[in-house]
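requesting a structural model of the entry that follows:
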Amino acid sequence: MKKLLLTFVLFFMLLSNVQAIVPGLTVGRAWKSQGFFEGTESADFIFISPYISSLRTTNRAFTFSLDVQAVIGIRMDEPGHLLGLGPTLRTYYNIGSELHPYLIIGCGLTYSNQEVAGMSMPFNFSTEWGIGVRMTILKYPLMFEYKMYHTSNAGIIQPNRGQTMNVMMVGGEF
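Next up, the predicted model:
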């Protein structure tokens, strides 16, 4: 698997333009996602998510961006927070010079100080997946995205019901 991933990255680096490190920031709201995963808990959060695109390659049809992303979640319905860090892959579709829809997939580690029924550990794992659009307005790249964010202990110890949230984000790159 590692060899396949390395081959994939090297292939696109040879055929495309590797861009410099690009910092970005998205902020948004996460809300309950009842029933997406059976038996999961949900909560309302404000999400702040700074990231750095450390590897971005482009060919004619796609731009692949490997980001290091942090997540700061501030709980709205009761005291608590969520902190996370991990890699995120964004695949942009180059359909025009100003408009780029994209797919998001990511994973990472999280820490939360909240007491939630079904969550047995403060340190957990996270996954996220979603869609977005990047638009350039007045020479500034703006981003709008919707994603699902799930955190759980991956079955290390019981109980492990996890949390799943819908997340709407807006942000930009600098």
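
give me the number of residues near the closest residue to residue 169 other than its chain neighbours?
Nearest residue to residue 169 in three dimensions, chain neighbours excluded: residue 28, at 3.5 Å (C-beta to C-beta, 6 or more residues apart in numbering). C-betas here are computed from N, CA, C, even on glycine. By the criterion of other C-beta atoms under 10 Å, residue 28 has 19 neighbours.

you'd agree residue 28 is up against residue 71?
No. At 10.7 Å, residue 28 does not count as touching residue 71 under the criterion of C-beta atoms under 8 Å.

can you check which residues contact both of these two?
Common neighbours of residue 28 and residue 71, counting by C-beta atoms under 8 Å, 6 or more residues apart in numbering, are 47, 49.

if we can go back for a sec, distance of the residue nearest to residue 169 relative to residue 128?
Counting by C-beta to C-beta, to the nearest Å, the gap from residue 28 to residue 128 is 12 Å.

overlap of the contact sets of those two?
Common neighbours of residue 28 and residue 128, using C-beta under 8 Å, 6+ apart, are residue 167.

what sits up against the strand or helix carrying the residue nearest to residue 169?
Assessed by DSSP states H and E, residue 28 sits inside strand 22-32. Contact partners of strand 22-32, identified using C-beta under 8 Å, 6+ apart, comprise 42-53, 56, 65, 67, 73, 143, 145, 149, 165-174.

tell me what residue 127 is bridged to.
Note on residue 127: beta-bridge partners by DSSP bridges are residue 107, residue 150.

thought it was touching residue 104?
No. Using C-beta under 8 Å, residue 127 is not in contact with residue 104, being 10.9 Å away.

which of these two has more neighbours?
Shown here are residue 127 and residue 104; by other C-beta under 10 Å, residue 104 has more neighbours (21 against 17).

and the nearest residue to that one once chain neighbours are set aside, how far from residue 147?
Nearest non-adjacent residue to residue 104, counting by C-beta to C-beta, 6+ apart: residue 130, 4.6 Å away. From residue 130 across to residue 147, the span is 3 Å (C-beta to C-beta).

kindly report the same for residue 72.
Going from residue 72 to residue 147 by C-beta to C-beta gives 16 Å.

looking at the two, which one has more neighbours?
Neighbours were counted for residue 72 and for residue 147 using other C-beta under 10 Å; residue 147 has more, 23 against 15.

give me the low-pLDDT residue ranges for this protein?
The chain contains residues with pLDDT under 70 at 1-20, 32-43, 115-119.

which residues of the chain fall in strands?
17-19, 22-32, 45-58, 62-75, 81-93, 99-112, 123-137, 140-152, 163-173 (DSSP state E).
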